[in-house]
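Student: Below are the sequence and a predicted model for it; my questions follow.
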Amino acid sequence: MFFHEVDQLTWTKILRVNLEATTWVTRSLIGPMLHRRRGAIVNISSGAAVVVPSHPLYAIYAATKAYVDKISRSLHVEYKQFGIHVQCQVPLYVATRMVSVVAAVDKPSFFVPSPEVYAKAAVEQIGIGSRCSPFWAHSLQWFLAELMPENLLDTWRLSIGLHRRSMS
Ligand SMILES: NC(=O)c1ccc[n+]([C@@H]2O[C@H](COP(=O)([O-])OP(=O)(O)OC[C@H]3O[C@@H](n4cnc5c(N)ncnc54)[C@H](OP(=O)(O)O)[C@@H]3O)[C@@H](O)[C@H]2O)c1
């Protein structure tokens, strides 16, 4: 949807889940981990915020995922010295319930792993670096996106958003 079309209840819920819940849960875990001097926190951002320069017609979702990215990478630097590993993971499409609803992608393919395949790759990355896109084909897409001009990616994302909007 265009930003002005999103009803208040919907965008409030997105903020509550992606910003408030992530912040509260992360905050509540840090204390006990500090006490033990070890722990790992993995927050899930999205290619919508990190890989593409804009995500038109999904603006609120993408913006909240940029928050997840920034807070996680900042906390990584703050808490590394205390033995706590905070990591931001950046998935692109994974064949989950969410992506079948918002992107009409309902089965795994070369670039779209099943949840099981993705989760295995994700767990293997815990403890390695402040940010990653754990599934190798997502990393390849990220690399290719970085080679493309921003205005081309903007136009491409807008066309996808408009297409999906016309289908719903
Ligand atoms: N799938 C992708 O392509 C993709 C790409 C980039 C990022 N991500 C991110 O990956 C994460 C997991 O998404 P997913 O694809 O695994 O989606 P999913 O299969 O739809 O799972 C979403 C989970 O969030 C829970 N949830 C949703 N709204 C909630 C609410 N208001 N309060 C509490 N829990 C709520 C759901 O609980 P119930 O099962 O009880 O409904 C479910 O466990 C999300 O943060 C998503 O933004 C996914």
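Tutor: In hand now; what should we look at?

Student: Quick one: the strands in this structure, in order.
Tutor: With strands called from DSSP state E, the chain shows them at 39-44, 84-89, 131-132.

Student: so can I have TSV of the ones you listed showing mean pLDDT?
Tutor: Compiled in TSV, the strands of the chain are given as follows (pLDDT from 0 to 100):
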stretch	mean pLDDT
strand 39-44	97
strand 84-89	98
strand 131-132	97
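
Student: for the ligand, what are the nearby residues on this protein?
Tutor: 13, 17, 44, 46, 91, 93-94, 96-99 (CB under 6 Å from any ligand atom). All C-beta atoms are positioned from the backbone trio N, CA, C, and that covers glycine.

Student: Where helices are concerned, which of those residues count?
Tutor: Members of the residues of the chain next to the ligand lying in helices (criterion: DSSP state H): 13, 97-99.

Student: Among those residues, which one lies nearest to residue 160?
Tutor: Nearest to residue 160 among those, counting by CB to CB, is residue 99 at 13.2 Å.

Student: ok, and the helix or strand in the chain with the lowest average confidence?
Tutor: One helix or strand of the chain scores below all others by mean pLDDT, DSSP states H and E: helix 97-102, with a mean of 85.

Student: which parts of it are buried?
Tutor: Across helix 97-102, burial judged by 16 or more other CB atoms under 10 Å covers residue 99.

Student: Which strands and helices lie in contact with it?
Tutor: Using 3 or more CB pairs under 8 Å, 6 or more residues apart in numbering; DSSP states H and E as the contact test, no helix or strand touches helix 97-102.
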